[in-house]
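>>> I'd like to go over a predicted model; first the sequence, then the structure.
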Amino acid sequence: MPRSTVSAWTCNYDACPICTAPERDGMSMLRCAILTLLDQGRWMASDDIPLPDILSAGGGYLNRLRGTAGEGIPVPATEHWAWLEAELRLVVARAAGLDAVSTLDPRIDDVLTTAARLPERRQVDLLDLAAEQFAELITQPRAA
Ligand SMILES: [Zn+2]
């Protein structure tokens, strides 16, 4: 995982499980970015935007979103955009039931291709579940 230079990140969302967690570190902003993309993804999915589009170019999307929604939108540095996209795909593939632990798992592509064929409502549910699982994973006390 890359290290972010923004250590005390807080977004606009008062109940953000990442930004309100007691343990915050250099990764908080990147994690908040993933959660924000999952959240936005639900709206996009219900707008019939294809899943591959939702899961790609998240960095650029957040950057544009900040332009309209302001400073509380997490925008990782451009060198972290590829990481962000890979991580987002992993989180969604895991929500779809894949037991992957690495963003390099070759099965992620297949799982996401299958997920992209789901009806819109199921895609929204999938992104919902992904956000829930991701927040849970992050806010749990970390094992040493
Ligand atoms: Zn946040």
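Perfect, I can see it now.

>>> Return the residues in contact with the residue most central in space within the chain.
Nearest to the geometric centre of the chain sits Ile34, at 2.3 Å (C-alpha atoms, centre = their mean). When contacts are counted by C-beta atoms under 8 Å, 6 or more residues apart in numbering, Ile34 is found next to Leu84, Glu87, Leu88, Val91, Phe134. For every residue, glycine as well, the C-beta is placed using N, CA and C.

>>> quick one: which of these is nearest the ion?
Phe134 (11.8 Å; C-beta to the ion).

>>> gap between the closest one and Gly70?
In this view, Phe134 and Gly70 are 24 Å apart by C-beta to C-beta, to the nearest Å.

>>> Looking at those two now, which is surrounded by more residues?
Legend: neighbour count by other C-beta atoms under 10 Å for Phe134 and Gly70, higher for Phe134 (23 against 9).

>>> Give me the secondary structure label for the nearest residue to that one once chain neighbours are set aside.
Nearest non-adjacent residue to Phe134, counting by C-beta to C-beta, 6 or more residues apart in numbering: Val91, 5.1 Å away. Put simply, Val91 is helix when judged by DSSP: H, G, I helix; E, B strand; the rest coil.

>>> Count the residues that sit near Tyr61.
Counted with other C-beta under 10 Å, residues neighbouring Tyr61 total 22.

>>> in terms of contact, does Thr78 touch Gly59 like I think?
Yes. The criterion here is C-beta atoms under 8 Å, and Thr78 meets it with Gly59 at 6.5 Å.
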